[in-house]
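> no sequence on this one, just coordinates:
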Ligand code: 2NL
């Protein structure tokens with residue numbers, strides 16, 4: 001027989017089970033046990049049919065209200081559990097779309113600014129129809145000096161300017177090349193005019209102070225044809241410098257100079273503005289010495305198997321380290337060769353950012 005006290009005990013049990021259900025599956029079991037076909041509440045409702053009309057008047061509304069409260073508690077608990085499950089998923093699957101993209105292993109390294117600048121120089125001269133030639137760092141005296149019209153006894157041929165290797169048994173004395181000119185000598189001896197070549201690479205001189213390192217980088221250029229002249233030289237240099245420094249125009253100043261391998265020889269200054277922390281090329285009232293050049297000396301042409309009555313040409317040489325510092329605002333030459341990973345991560349270039357003229361070189 002049903003009484004009101006057992007009904008409230010049943011309700012308390014069911015509501016406690018609802019509150020204690022830890023997830024939606026447990027809650028579903030609680031629902032079936034209470035409101036399912038053979039559930040505890042359903043069984044109570046079935047007893048209404050066996051009651052007298054008087055009893056039904058009392059227990060009918062009480063049981064219906066109990067069933068409604070249980071159903072309401074189940075629905076509330078179901079919503080609460082679903083909300084909690086969603087919150088947990090949101091927290092565990094959180095994705096910060098503002099985080100910077102992590103670089104792949106292929107991209108974590110950095111290209112040294114000197115390498116990047118050599119690539120820029122190669123891109124510019126390639127577009128002008130030059131080929132790029134390289135040669136060994138260890139050279140013969142003949143290729144580094146004799147072919148280039150350095151007289152015997154020239155100061156550059158002395159121990160205090162040049163790194164010589166130990167003398168070989170046959171008396172030959174190899175050296176670390178002091179410029180990349182030997183590569184151009186090889187190009188002239190190997191090919192036939194017209195020759196248009198640039199030679200970038202490491203060079204060595206016995207020198208070490210604030211602005212000199214014993215190893216440095218140079219690029220030389222050479223054009224040989226039947227009528228290559230100084231007008232072409234001026235155009236090539238102007239075109240190169242304005243493309244390299246990414247400015248609309250440059251103004252050059254040619255001063256007479258001397259090199260054993262060119263005649264006439266010139267030093268070239270570029271108009272610039274010297275500011276406390278930067279040098280701006282192509283504007284201002286200052287001049288910056290940037291390279292040396294000239295018409296290839298007839299003796300050099302002859303030494304390289306060319307007839308000076310038929311062929312002539314021009315050449316130039318330029319330090320890469322300093323123009324890299326100028327372009328990318330690196331204040332100290334020695335940092336270029338200190339192999340400091342923090343410096344490289346700051347000044348270095350992403351490995352897949354090949355410089356191209358179409359992309360605007362450095363952008
Ligand atoms: C400078 C000047 C220069 C050359 C390099 C050259 C090479 C051959 C023949 C003739 Cl094979 N000339 N190179 C010419 C003029 C100047 O370098 O101040 N370099 C840093």
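Here it is on my side, so go on. None of these values were measured; they are calculated from a predicted model.
> where in the stretch 151-300 of the chain is pLDDT low?
Applying pLDDT under 70 to the stretch 151-300 of the chain flags residues 159-160.
> who does whichever residue of it sits closest to the ligand bridge with?
Nearest residue of the stretch 151-300 of the chain to the ligand (Cβ to the nearest ligand atom) works out as residue 292 at 2.7 Å. In short, each C-beta sits where N, CA and C put it, glycine included. Following DSSP bridges, residue 292 is listed with bridge partners residue 267, residue 317.
> ok, now the one 4 residues further on?
Following DSSP bridges, residue 296 is listed with bridge partners residue 262.
> beyond the strand or helix carrying residue 17, next helix or strand please.
Element membership of residue 17, judged by DSSP states H and E, is helix 4-20. Using DSSP H and E, the helix or strand that follows helix 4-20 towards the C-terminus is helix 24-35.
> that following helix: how far from the chain's middle?
60 Å (Cα atoms, centre = their mean, to the nearest Å).
> before we move on, the earlier item: buried sites along the helix holding residue 17?
7, 10, 11, 14, 15, 17, 18 (16 or more other Cβ atoms under 10 Å).
> what's next to that helix, contact-wise?
Helix 4-20 is contacted by residues 27, 30, 33-34, 40-41, 44, 58-59, 62-63, 66, 69-70, 73-74, 77 when judged by Cβ atoms under 8 Å, 6 or more residues apart in numbering.
> among those, which ones are buried?
Buried among the contacts of helix 4-20 (16+ other Cβ under 10 Å): 27, 30, 33-34, 40-41, 44, 59, 62-63, 66, 70, 73-74, 77.
> before we move on, back to that, so who does the residue of the stretch 151-300 of the chain closest to the ligand touch?
257, 259, 265, 266, 267, 268, 316, 317, 318.
> stretch 257-274 vs the ligand: in contact?
Yes: Stretch 257-274 reaches the ligand (Cβ under 6 Å from any ligand atom) through 259, 261, 262.
> picking that back up, redo the buried residues of helix 4-20 as CSV? Include distance to residue 81 and pLDDT.
Below are those laid out as CSV (distance: Cβ to Cβ, whole Å; pLDDT from 0 to 100):
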residue, distance to residue 81, pLDDT
7, 27, 85
10, 23, 89
11, 21, 88
14, 16, 90
15, 15, 90
17, 14, 91
18, 10, 92
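> show me the strands in the stretch 101-250 of the chain, by range?
131-132, 138-139, 175-176, 195-204, 215-225 (DSSP state E, counting those that start in this stretch).
> so which elements touch the second one?
In this case it means strand 138-139. strand 175-176 (3 or more Cβ pairs under 8 Å, 6 or more residues apart in numbering; DSSP states H and E).
> secondary structure element for residue 315?
strand 312-319.
> buried residues in the next helix-or-strand element following that strand?
Next along the chain after strand 312-319, taking DSSP H and E as the criterion, comes helix 320-328. By neighbour count with 16+ other Cβ under 10 Å, helix 320-328 contains the buried residues 320, 321, 322, 323, 324, 325, 326, 327.
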